[in-house]
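S.K.: model this:
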Amino acid sequence: MKIGVCVNLTQMEDMQQKFEDLQARGFDNCQLICWVPALFTAENAAKLNEWTAQYGVTISAFWCGWEGPCVWNFYEGQTTLGLVPPAYRETRIKNLCDGADFAKLLGVKNVVTHMGFIPENPNDPEFLPFCDAVRVVAEHCKQNGQYLLFETGQETPVTMLRCFETVGTDNLGVNLDTANVILYGKANPVDALDVFGKYVRNLHAKDGCYPTNGHDLGRETAIGQGKVDFSALFRKLHTLGYDGYVTIEREISGEQQIKDILASKEYLGNIIDRIYGGH
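M.R.: Purely as a prediction, here's the structure:
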């Protein structure tokens, strides 16, 4: 099991430095995150491949953003996030397919995104059209030899599972964000594994607390300071046979972010070594 971090691609000019910094801090893998579809070019992929080879960095997954508004709360989020809002669906299908093609040029098999507030009610008139949209992207990924991963958060675990069953392709998976299920008040990450554990193909190691009002997400914290029981989580992942990547995500910026990430690397490494026997 390898511990990595999230790396944001917002412009090409600073990417070589980001990979150099990764190497200097003892990381050899990352999830690459990009919300700028204009950057999904063959030229950019070639440069990224050059730098990852130079600094010994493996891109474990490509986190693909999409165009249009996005509001991360329980109200506006319902109408702006992912493939759920009909007004943005076609554009975002294209964004995700283009992102999958970009990831293929990077040699990356796992394409990750947030799908939005998937309807909990399977009889909701938007549930099947949403699943149809997911199927279009999933089939495109399958042609590329890729998996389409849902990052947890806006949906309950059983809603995600129902979507997988309805879409019906064999290349859907989960990017388990350990904090998001808590931040959105949807589940506990350890118990969620009972529902979709076999689908987990990548992991955001993050911590946080449950919401305290009906409008806003809960508060993200440094790892070890929130509600995630990482020992119980990794014990269950070990039982499920998961031995993939663990990607630290700390959604602040500046020096404190770096300090928290390095502290998390040690914290998680000790737990993983204890449970996985140093592997």
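S.K.: okay but Gln54 is in contact with Lys47, surely?
M.R.: No - contact status for Gln54 versus Lys47: not in contact, 10.6 Å apart, counting by Cβ atoms under 8 Å. Backbone N, C-alpha and C define where each C-beta goes, glycine included.
S.K.: overlap in contacts of those two?
M.R.: Counting by Cβ atoms under 8 Å, 6 or more residues apart in numbering, no residue touches both Gln54 and Lys47.
S.K.: backbone phi and psi for Lys2, please?
M.R.: Taking degrees, to the nearest 10, you get phi -110, psi 140 for the backbone angles of Lys2.
S.K.: residue contacts, it?
M.R.: 28-29, 58, 60, 244-246.
S.K.: helices of the stretch 1-150 of the chain, start to end?
M.R.: Assigned by DSSP state H, counting those that start in this stretch, the helices in the stretch 1-150 of the chain fall at 15-24, 42-55, 77-80, 89-105, 127-143.
S.K.: distance from the fourth one to the middle of the chain?
M.R.: For helix 89-105, the distance between its averaged C-alpha position and the chain's averaged C-alpha position is 15 Å (Cα atoms, centre = their mean, to the nearest Å).
S.K.: the first one too?
M.R.: Taking the mean of its C-alpha atoms, helix 15-24 sits 21 Å from the chain's own mean (Cα atoms, centre = their mean).
S.K.: quick one: contacts of that helix?
M.R.: By Cβ under 8 Å, 6+ apart, the surrounding residues in contact with helix 15-24 are 5, 7, 9, 28, 30, 47-48, 51-52, 54-57.
S.K.: reformat the helices of the stretch 1-150 of the chain as TSV; add mean pLDDT.
M.R.: As requested, the helices of the stretch 1-150 of the chain are exported to TSV (pLDDT from 0 to 100):
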stretch	mean pLDDT
helix 15-24	97
helix 42-55	98
helix 77-80	98
helix 89-105	98
helix 127-143	98
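S.K.: with distance to Ile223 and mean neighbour count as new columns, can these be given to me in CSV?
M.R.: Converted to CSV, the helices of the stretch 1-150 of the chain look like this (distance: least, Cβ to Cβ, whole Å; neighbours: other Cβ atoms under 10 Å):
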stretch, distance to Ile223, mean neighbour count
helix 15-24, 18, 16
helix 42-55, 24, 15
helix 77-80, 24, 18
helix 89-105, 27, 20
helix 127-143, 30, 19
